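Trainee: generate a structure from the sequence data that follows.
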Amino acid sequence: IAGEIAPETGAIELPKRARIERLAQEAPDGPESLIDTVLAADAERSALLAAAERERDPIRIAEIQTRLADIGAHAAPARAAAILAGLGFSSADQQRPCREFSGGWRMRVALAAALFSQPDLLLLDEPTNYLDLEGALWLESHLARYPRSVIIISHDRDLLDNAADWILHLERGKLTLYRGGYSSFERQRRERQALDAKLARAQERERARLQAFVDRFRAKATKARQ
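Mentor: Residues are numbered from 1 along each chain as shown. Here you go, the predicted structure:
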């Protein structure tokens, strides 16, 4: 989906101009502060701010400022700070360079950057791996309110119960989509399995009845046609 690996068969179709982001597999590690690292994740905002600094054409400046207002660029620092705070970083921490933090804490910064960028489709692979309980609870709440689409791969049952509203289940080469969180998925799956088993038993009984009919009457001229 991210376009990093080509599918062997089939195709992935996406809306035009759709922005896709994924949780980086490598933690940021540079001299930039945590808040600046997260803010840089919004490439459009960064480009517009840079253009506003060098632009001299009044009409173009007005267009840039209008677009900055449209994307809420001036409220972005507060939003970035709130995400970092939710993931466990104090106000003082947010001003420190990334390189001063351990790998696990820098992965939290990568997660904050992915959440801040608010792409049309966000791909998260085990996003709670580097979080403590408080951070995981915050993430559950944040993802439940996320205004766009998120695809999550996770073994964290609480996350899948509280943040997900669809479960896509892969079994025996087939995909089945269930509405609701993980517990709802398990209940629906058990009900479907029970229904399938009941149908299979009914089919087996009918198969046995037909076979018995064939075995009994195949040799009789009046019944052979049946």
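Trainee: and the closest residue in space to residue 149 that isn't next to it in sequence, how far is that from residue 196?
Mentor: Leaving aside its chain neighbours, residue 149 sits nearest to residue 121 (5.0 Å; criterion: C-beta to C-beta, 6 or more residues apart in numbering). All C-beta atoms are positioned from the backbone trio N, CA, C, and that covers glycine. Noted for residue 121: a distance of 33 Å to residue 196, by C-beta to C-beta, to the nearest Å.
Trainee: equivalent analysis for residue 187, please.
Mentor: On the measure of C-beta to C-beta, residue 187 and residue 196 end up 15 Å apart.
Trainee: and the helices in the chain?
Mentor: 34-39, 43-54, 58-70, 76-86, 91-94, 103-117, 133-144, 157-162, 182-217, 221-224 (DSSP state H).
Trainee: could you dump the last one to PDB, C-alpha only?
Mentor: The one in question is helix 221-224. Provided in PDB are the C-alpha atoms of helix 221-224 (Å, rounded to 0.1, in the frame of the first residue of the first chain):
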ATOM      1  CA  ALA A 221     -36.500 -49.200 -13.800                       C
ATOM      2  CA  THR A 222     -39.300 -47.000 -12.300                       C
ATOM      3  CA  LYS A 223     -36.900 -45.100 -10.100                       C
ATOM      4  CA  ALA A 224     -33.600 -45.100 -12.100                       C
END
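Trainee: residues making contact with that helix?
Mentor: Outside helix 221-224, the residues that touch it by C-beta atoms under 8 Å, 6 or more residues apart in numbering are 217, 218.
Trainee: so how far is that helix off the chain centroid?
Mentor: 63 Å (C-alpha atoms, centre = their mean, to the nearest Å).
Trainee: what count of nearby residues applies to the residue nearest to residue 149?
Mentor: A total of 17 residues lie near residue 121 under the criterion other C-beta atoms under 10 Å.
Trainee: share the number of residues neighbouring residue 96, please.
Mentor: 14.
Trainee: give the contact list for it.
Mentor: 33, 34.
Trainee: my guess is residue 27 meets residue 113, correct?
Mentor: No. Using C-beta atoms under 8 Å, residue 27 is not in contact with residue 113; the gap is 10.4 Å.
Trainee: who has more neighbours, those two?
Mentor: For the pair residue 27 and residue 113, the greater number of neighbours falls to residue 113 (23 against 18), based on other C-beta under 10 Å.
Trainee: re the thing from before, now the residue nearest to residue 149: how far from residue 73?
Mentor: Counting by C-beta to C-beta - residue 121 and residue 73 are separated by 22 Å.
Trainee: tell me how far residue 46 lies from residue 95.
Mentor: For residue 46, the distance to residue 95 - C-beta to C-beta - is 19 Å.
Trainee: now do the contacts for the residue most central in space within the chain.
Mentor: By C-alpha atoms, centre = their mean, the chain has its centre lying nearest to residue 151, at 2.1 Å. For residue 151, the contacting residues are 1, 121, 122, 123, 124, by C-beta under 8 Å, 6+ apart.
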